[in-house]
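*Asks:* please work out how this folds:
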Amino acid sequence: MNASPTAPTAPTAVMAEDEPVLAQALQRELQALWPALRVLATARDGASAVQLALAHRPDVLFFDIRMPALSGLEAAAELADLWPQSCAFPLLVFVTAYDEYAVQAFAAQALDYVLKPVRADRLAVTVERLKNRLQQRAAQPTDLDPLLAQLRALLHGQTASLAPAQPPLQLLQASVGAQLRMVPVDQVLRLEAADKYVRVFTLDGAEVLLRTPLKDLMQGLDAQVFWQIHRGSVVRAAAIESVTRDALGKLSLRVKGHSEPLPVSRLYAHQFKAM
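*Replies:* A predicted model of the protein is given here:
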């Protein structure tokens, strides 16, 4: 007697939306358009979205762009860094309120998006795309590198679009106790995001704090001089002494004056492709 064929596994999804009413509306529309899709969990913030996605490993992610702590883009980038190499990364759909920049940016990077409030006809187009891409992925494994390049372009493009043009920074105004210290940029070794502050490590071994968010600070730094190696970490390229790849393929580097290695996220590992 022949064994019966295995039934196809139902596609799964995780959603991230900080407004419950909008999350319910999206789930309701998805249920009508794609009854086979199982929404496994819904997150209210970016950090929770990352953890839920890692726990459930869904086929599709619906990430709201604007969420507390981590934006949808930042959550997707962090998730890509943590995602196990043995599993296919979920298909990404970003949910955004109407914004001309967002529409142009997502279209340019060929990443799917859904506008809020959700329209059934537009969502139907996305659903068909997702079904087709899931079929293609089953036949041929996907490469994560193109997605990382798309996320980099969106993250840096969005930051640049929101910031007015400004000349390169020459000095940083840093807090040292009750005093304000002027730190020449050419003395900066690396920068590290820490809650609402940025820790600045200088070539002479000093450490000071800035109140400016790292993503804003990056707009005034020369990208050829300072390399971002992680969502919250930037180093002076000329100070990199060595780069190491471990057995799992993860990169870390050492900079002058620091004994501890610094992790390099997948999002920025392209800078060390020669390895």
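*Asks:* for the stretch 51-200 of the chain, just list every one of the strands.
*Replies:* Along the stretch 51-200 of the chain, the segments classed as strands by DSSP state E, counting those that start in this stretch run 60-64, 91-97, 112-116, 171-176, 179-184, 188-194, 197-202.
*Asks:* most packed of those strands?
*Replies:* Highest mean neighbour count among those (mean count of other CB atoms under 10 Å): strand 60-64, with a mean of 26. For glycine as for every other residue, the C-beta is placed from the backbone atoms N, C-alpha and C.
*Asks:* wouldn't Thr244 be in contact with Leu253 here?
*Replies:* Yes - under the criterion of CB atoms under 8 Å, Thr244 makes contact with Leu253 at 7.2 Å.
*Asks:* which neighbours do the two share?
*Replies:* Pro261 (CB atoms under 8 Å, 6 or more residues apart in numbering).
*Asks:* of these two, who's got more company?
*Replies:* Per other CB atoms under 10 Å, whichever of Thr244 and Leu253 has more neighbours is Leu253, with 21 against 12.
*Asks:* list the residues that contact the nearest residue to Trp34 once chain neighbours are set aside.
*Replies:* Counting by CB to CB, 6 or more residues apart in numbering, Trp34 lies nearest to Val127, which is 4.9 Å off, once chain neighbours are set aside. Taking CB under 8 Å, 6+ apart, we find Val127 in contact with 30, 33-34.
*Asks:* using the three-state scheme, assign Val234.
*Replies:* Classification of Val234 using DSSP: H, G, I helix; E, B strand; the rest coil returns strand.
*Asks:* pull up the gap between the nearest residue to it once chain neighbours are set aside and Leu217, please.
*Replies:* Nearest residue to Val234 in three dimensions, chain neighbours excluded: Leu191, at 4.4 Å (CB to CB, 6+ apart). Separation of Leu191 from Leu217 (CB to CB, to the nearest Å) stands at 7 Å.
*Asks:* my guess is Asn255 meets Val243, correct?
*Replies:* Wrong residue type there; residue 255 is Val, not Asn. No - counting by CB under 8 Å, Val255 sits too far from Val243 to count as a contact (10.4 Å).
*Asks:* which SS class is Leu22?
*Replies:* Classification of Leu22 by three-state DSSP places it in helix.
*Asks:* show me where pLDDT drops low in the stretch 151-275 of the chain?
*Replies:* Residues of the stretch 151-275 of the chain that meet the criterion pLDDT under 70 lie in 158-166, 274-275.
*Asks:* all the helices of it, residue numbers only.
*Replies:* With DSSP state H, counting those that start in this stretch as the criterion, the stretch 151-275 of the chain has helices at 214-217.
*Asks:* how about the stretch 1-150 of the chain?
*Replies:* 20-33, 46-56, 72-82, 100-108, 120-139, 144-162.
*Asks:* among the ones you listed, show me which one is buried the most.
*Replies:* The highest average neighbour count among those, using mean count of other CB under 10 Å, belongs to helix 72-82 at a mean of 22.
*Asks:* taking strand 91-97 as reference, get the angle to that helix.
*Replies:* Orientation of helix 72-82 against strand 91-97 (axes from the mean of the first three to the mean of the last three CA atoms, to 10 degrees) gives an angle of 160 degrees.
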